[in-house]
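J.: Test case, fold it:
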Amino acid sequence: MHILLTGASGFIGSALAPALLADGHELRGLTRDPQRAQAGSPAHTSAMEIFRGDVLTGEGLADALAGGEVAYYLIHSMEDTPGSPPGSFAERERVAASTFAVHAQHAGVNRIVYLGGLLPSAGRVSPHLASRAEVEEILLEHVPDSVALRASIVIGAQSRSFRLLVRLVERMPVLTLPPWRRFRTQPIDVRDTIAMLAAAAHPTSVSGRTLDIGGREALTYEEMLRRIAELLLLPRPTLGVRVTMTPLTAHLAAALAGEDPALVLPLMEGLQGDLLPADDHAADLLGVELHSFDSAVECALREWEAAEPLAAR
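T.: Got it, this is the predicted structure:
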């Protein structure tokens, strides 16, 4: 199958490319900077044809999509660009998705596979999650046989949300947690996410569908942090506080974790309630056997430690 992969040098894309190549697909990658992509991930970029393109302007999309049967849309951001008004990322995401979808439609692409975010079953939807849902709608509208997968936290060594949790556990002697500590979500192993994305390229049973994906267990954020602390062999008592103060909490968490507040704030704004899959059929539909949370964390920590030391271990 002829496949175009956007976001090939990102966390998910760099893990998905080897899986698609192993399945025997002919793979193209789309990037604004081919030299940077090849330097960052030489192992798999050498086996696929790299195209220069820009989903905002449409530059290079016609050539990259020509003859393609499936396209993976793994492009998203949570941060506004410097000097832009607050919330401008949503308009940028809308334009990029529309531009890509129109070009994919004109090129005769059969399916776009998209990875978005789980939506809360009740309560306010954060701007970030609302934007992901809008992108999903745009892609499925233009290419009706497309498939959208929705996940919450993906557990992997290069996942910024997972790395944030690990850094907080490492650097906070007492885990002082706001009310969102009680909310539940269903984190998923990156290995399972990649297997589902790869499988979503071809079965007709998932055509035109949105599938919520999650791991085996529904955990509160407090339970996740405690389990990570146990696997890091760190004693970490928890202290609950009643006040949320999301902007302040986000900046404190970013400072502790050495992360960009522009990333952490949208993540915490999404903590308005439980983020759970609407059903648990995705793994069965796509033929994927799920890993446990502890297995996912252990695998991610081993990969992390192979590249750089963890202060806690």
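
J.: Can you show me the helices along the stretch 1-150 of the chain?
T.: Under the criterion DSSP state H, counting those that start in this stretch, helices of the stretch 1-150 of the chain are mapped to 11-22, 34-40, 42-45, 61-65, 88-107, 127-142.

J.: Columns distance to Ala255, mean neighbour count and mean pLDDT on top of those helices, output as CSV?
T.: Backbone N, C-alpha and C define where each C-beta goes, glycine included. Below are the helices of the stretch 1-150 of the chain laid out as CSV (distance: least, Cβ to Cβ, whole Å; neighbours: other Cβ atoms under 10 Å; pLDDT from 0 to 100):
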stretch, distance to Ala255, mean neighbour count, mean pLDDT
helix 11-22, 23, 20, 94
helix 34-40, 27, 14, 60
helix 42-45, 34, 16, 57
helix 61-65, 39, 20, 97
helix 88-107, 22, 19, 94
helix 127-142, 21, 20, 94
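
J.: For Asp274, which of the ones you listed is the nearest?
T.: Checking these against Asp274 by Cβ to Cβ gives helix 127-142 as the closest, at 13.0 Å.

J.: which strands and helices sit next to that closest one?
T.: helix 88-107, strand 111-117, strand 147-151, helix 261-269 (3 or more Cβ pairs under 8 Å, 6 or more residues apart in numbering; DSSP states H and E).

J.: can I get the ones you listed in TSV with distance to Glu49?
T.: Output for these, formatted as TSV (distance: least, Cβ to Cβ, whole Å):
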stretch	distance to Glu49
helix 88-107	15
strand 111-117	19
strand 147-151	24
helix 261-269	31
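
J.: All the strands of the stretch 201-313 of the chain, in order from the start?
T.: Assigned by DSSP state E, counting those that start in this stretch, the strands in the stretch 201-313 of the chain fall at 210-212, 219-220, 238-240.

J.: Including distance to Leu27, could those go into TSV?
T.: Shown next, in TSV, are these (distance: least, Cβ to Cβ, whole Å):
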stretch	distance to Leu27
strand 210-212	23
strand 219-220	35
strand 238-240	45
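
J.: Select, out of those, the one closest to Arg226.
T.: strand 238-240 (6.8 Å).

J.: Within its sheet, name the partner strands of that closest one and how each one runs.
T.: strand 175-177 (parallel) (DSSP bridges).

J.: Show me which residues of the partner strand are buried.
T.: In terms of neighbour count (16 or more other Cβ atoms under 10 Å), strand 175-177 has its buried residues at 175, 177.

J.: helices or strands next to the next helix or strand after it in the packing?
T.: Counting by DSSP states H and E, the next helix or strand C-terminal to strand 175-177 is strand 184-185. Packing partners of strand 184-185 (3+ Cβ pairs under 8 Å, 6+ apart): strand 219-220.

J.: related to what we said a few turns ago, among the helices and strands packed on helix 127-142, which is nearest Glu69?
T.: strand 111-117 (7.4 Å).

J.: hang on, isn't Leu211 packed against Val288?
T.: No. Contact criterion Cβ atoms under 8 Å: Leu211 and Val288 do not qualify, at 11.0 Å.

J.: shared neighbours, the two?
T.: 196, 282 (Cβ atoms under 8 Å, 6 or more residues apart in numbering).

J.: follow-up on the earlier one: give me whichever of the strands of the stretch 201-313 of the chain is most buried.
T.: strand 210-212 (a mean of 20; mean count of other Cβ atoms under 10 Å).

J.: quick one: strands adjacent to that strand?
T.: Partners of strand 210-212 in its sheet, by DSSP bridges: strand 147-151 (parallel).

J.: quick one: average confidence on the partner strand?
T.: For strand 147-151, mean pLDDT is 97.
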